[in-house]
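> Take a look and give me a structure for this.
(chains A and B)
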2 protein chains.
Amino acid sequence: MKKHNFSAGPSILPRKVIESTAEAVLDLNGIGLSVMEISHRGKDFQAVMDETVVLFKEILNIPEGYEVLFLGGGASMQFCMVPYNLLQKKAAYLETGTWAKKAIKEAKNFGQVVIAGSSSDKNFSYIPENYEIPADADYFHITTNNTIFGTEISEDIDCPVPLVADMSSDIFSRPVDVSKYGIIYGGAQKNLGPAGVSFIVVRKDILGNVERTIPSMLDYRIHIENGSMFNTPPCLPIFTVRETLKWLKELGGVSEMQRINLKKAGMLYDAIDKSRIFTGTAEKRSRSVMNVCFVMKDEYKELEGDFLAFAQSRGMIGIKGHRSVGGFRASIYNALPVESVEALIGVMKEFENTNG
Amino acid sequence: MKKHNFSAGPSILPRKVIESTAEAVLDLNGIGLSVMEISHRGKDFQAVMDETVVLFKEILNIPEGYEVLFLGGGASMQFCMVPYNLLQKKAAYLETGTWAKKAIKEAKNFGQVVIAGSSSDKNFSYIPENYEIPADADYFHITTNNTIFGTEISEDIDCPVPLVADMSSDIFSRPVDVSKYGIIYGGAQKNLGPAGVSFIVVRKDILGNVERTIPSMLDYRIHIENGSMFNTPPCLPIFTVRETLKWLKELGGVSEMQRINLKKAGMLYDAIDKSRIFTGTAEKRSRSVMNVCFVMKDEYKELEGDFLAFAQSRGMIGIKGHRSVGGFRASIYNALPVESVEALIGVMKEFENTNG
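Residues are numbered from 1 along each chain as shown, chains lettered A, B, ... in the order given. Next up is the predicted model:
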């Protein structure tokens, strides 16, 4: 039976990327050695690293003055690296969910943290509006896509101070005006590659303004000086990121990706909105294009377990909702094909017809 | 032509491990999904993580009271995590090379650092003896194997304070009396797996004695509480570590590994010592079983470039010495077969016969 992989992360990767990774694990470029057993400073891996950076900058249309880093540790490490490098006195955060809260918690170890806006009053089911960003903050931090709650800030906001964005789960899903950001970071394991590497896009001129001593491994400047090779980088995950970027470029880049993503999300939200038994959990204006969260309407609540089992029996993987929201979550990242969304909609309709 | 991979790290992995990794990249356990695209919290990956920990503890014979962690960031991240978690007032370090110096540099950000012993006077060509470890130090840090200089502390030393060891390049090369250590850590990319994951063996009762606030991602206690899954771990590198541990167990464990390693190192050092043109750089009593450093004797110095080219033409990979030592370095880690050592010795003899 065909499996449809709606996992929230680590999540589906393009089959072509999986196959070329397996090939490089056996033999990179026909050199007779695995990508796992060569020096990161040799010409074969240096070429992988260089091309990954070039593709990343090209596809995301990154202007001059920015660097792209690939480091281990995941986005969670960035929750402390961002304030370590930027927070001198005060930082502002937008509280839009679990991951934003984790980022806020770490920042509090380094200085004053102002919550500029929050949607905690309604279980993070919307993106706050009309909040004020303090003009004297060292930076303003947002989580553009909230994987658990299915909400997304899908436009590049105007910000009077350096804007720092955790884009772990929507990077490369749409064009981004990078010039509006000071830092964009995230883990690779949704739209970009396997777990084990994070990306950091950083505008160089915002660094160097804090007084504290920064451990070398947590200092963006050290990693910039060393081209992400201050220490041995996660070579294999970086190789896979390059393969994903090649796939994305070939497909037509982020504009084409956005068109496909809007189509997939539109189809699924439309099916939910037209359903008698299912209903979406996020406010419509805040809906994520990446993670579609839905539950059974109150009168059908007791059918949730049945639907989950039914969907799983039809090859739907990873659609159980996070415990903070309940119900279901379909993560429809870049690599998820339209056919998988169609399959899920088919399963939902079939269940509704027999059980609604 | 067969290649003989003497790379210093990332370095040779057992072919069986490479093949099973490639297989899991395509399809893990026949579930129809790649090990790269499944949830780290699902049963399939949890089983990988659990088995990796069990094998690690079993093969290294780790006593009660210790935890094994697998984190991103590499050994370099441990250079700051160790003092973050342990250094309240004063720490002692043994300065045996480049990596020890890097660890010392990071520790100085956190408190007083005493250099208990150093071999910097002779370009780190030996392991210091008869040094004194301050009894009031929070811990004593050693680098058991010095990859660049080819020296090794191959016995478990007695230490009056918690002993912290960077074993990046000799872990699993010999039996270790873990009970003598507070922390053993290292990057995986020599004897254990691909780059992108580090291991930390930590005795739990030495934690929790510093007053500073520790960022969550740098706090060993948080990672222990969460079984190395406080955030998404580097899943694919961890999978490969498990495969390497399975290979090692099947081969007979660390005692058998040590026997093979001593044989390989003995053969190569013997060839160097008997050579008219080559000479070893490390003091004999301090010689590393993992990294064999040698140069041309003064009168043949001008032949070094020729030998390097000759050896490379015969399939020897990664034998150029580090610039801090010059000459040649053959890294003969666990996965390097005896045949590769024989091939190198053959090439050395052939060169000596025609050029010496």
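> Wait, residue A:239 touches residue A:17, no?
No. Counting by Cβ atoms under 8 Å, residue A:239 stays clear of residue A:17, with 9.9 Å between them. Using the backbone N, CA and C atoms, a C-beta is placed for each residue, glycine as well.
> Where does the stretch 201-350 of chain A get nearest to chain B, residue-wise?
Taking Cβ to the nearest Cβ, chain B has its nearest neighbour within the stretch 201-350 of chain A at residue A:234, 3.1 Å off.
> quick one: contacts for the nearest residue to that residue once chain neighbours are set aside?
Leaving aside its chain neighbours, residue A:234 sits nearest to residue B:196 (3.1 Å; criterion: Cβ to Cβ, 6 or more residues apart in numbering or on different chains). Going by Cβ atoms under 8 Å, 6 or more residues apart in numbering or on different chains, residue B:196 touches A:72, A:196-197, A:233-237, B:72, B:74, B:188-189, B:234, B:236-237.
> Could you check how far the closest residue to chain B within the stretch 51-200 of chain A is from residue B:218?
Here the residue of the stretch 51-200 of chain A nearest chain B is residue A:196; by Cβ to the nearest Cβ that distance is 3.1 Å. Noted for residue A:196: a distance of 18 Å to residue B:218, by Cβ to Cβ, to the nearest Å.
> now swap in residue A:270 and tell me
In terms of Cβ to Cβ, residue A:270 sits 45 Å off from residue B:218.
> More neighbours: those two, which one.
With neighbours defined as other Cβ atoms under 10 Å in any protein chain shown, residue A:270 and residue B:218 compare such that residue B:218 has more, 23 against 11.
> Pull up the gap between that one and residue B:85, please.
7 Å.
> With residue A:99 instead?
25 Å.
> So the spatially closest residue to residue A:128 that is not a sequence neighbour, which state does it fall into?
Nearest residue to residue A:128 in three dimensions, chain neighbours excluded: residue A:117, at 3.4 Å (Cβ to Cβ, 6+ apart). Per DSSP: H, G, I helix; E, B strand; the rest coil, the secondary structure class of residue A:117 is strand.
> Show me which pair in the contacts of residue B:196 is furthest apart.
Of all pairs drawn from those, the greatest distance, 15.4 Å, lies between B:74 and B:236 (Cβ to Cβ).
> Comparing those two, which shows the higher neighbour count?
residue B:236 (31 against 27).
> what's near enough to touch the more buried one?
A:194-196, A:236-237, B:21, B:25, B:35-36, B:194, B:196.
> who touches residue A:98 in this structure?
A:124, A:146, A:148-149, A:324.
> related to what we said a few turns ago, who has more neighbours, residue A:99 and residue B:85?
residue B:85 (24 against 20).
> What score does that one have for pLDDT?
Note on residue B:85: pLDDT of 98.
> End to end on stretch A:152-162, go ahead and measure it.
20 Å (Cα to Cα, to the nearest Å).
> so where's chain A shaky on pLDDT?
A:356 (pLDDT under 70).
> care to break it down by domain?
A:15-251, A:254-355 (automatic domain parsing).
> how far is the first one from where the chain is centred?
Which is domain A:15-251. 9 Å (Cα atoms, centre = their mean, to the nearest Å).
> What values do phi and psi take at residue A:339?
phi -60, psi -30 (degrees, to the nearest 10).
> That one: how many residues sit nearby?
Using other Cβ under 10 Å: residue A:339 sits among 10 other residues.
> Also residue A:306?
13.
> for residue A:89, same thing?
Residue A:89 - counted by other Cβ under 10 Å - has 11 other residues nearby.
> residues contacting it?
Neighbours of residue A:89 in contact, by Cβ under 8 Å, 6+ apart: A:111-112, A:136, A:138.
> Just the closest of the residues you listed to residue B:132, please.
residue A:111 (41.3 Å).
> what about the strands in the stretch 51-200 of chain A?
A:66-71, A:90-95, A:112-118, A:140-143, A:145-146, A:151-152, A:163-166, A:183-187, A:198-203 (DSSP state E, counting those that start in this stretch).
> can I get these in a markdown table with mean neighbour count?
A markdown table is the format used below for the strands of the stretch 51-200 of chain A (neighbours: other Cβ atoms under 10 Å in any protein chain shown):
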| stretch | mean neighbour count |
| --- | --- |
| strand A:66-71 | 22 |
| strand A:90-95 | 23 |
| strand A:112-118 | 17 |
| strand A:140-143 | 27 |
| strand A:145-146 | 28 |
| strand A:151-152 | 26 |
| strand A:163-166 | 26 |
| strand A:183-187 | 26 |
| strand A:198-203 | 24 |
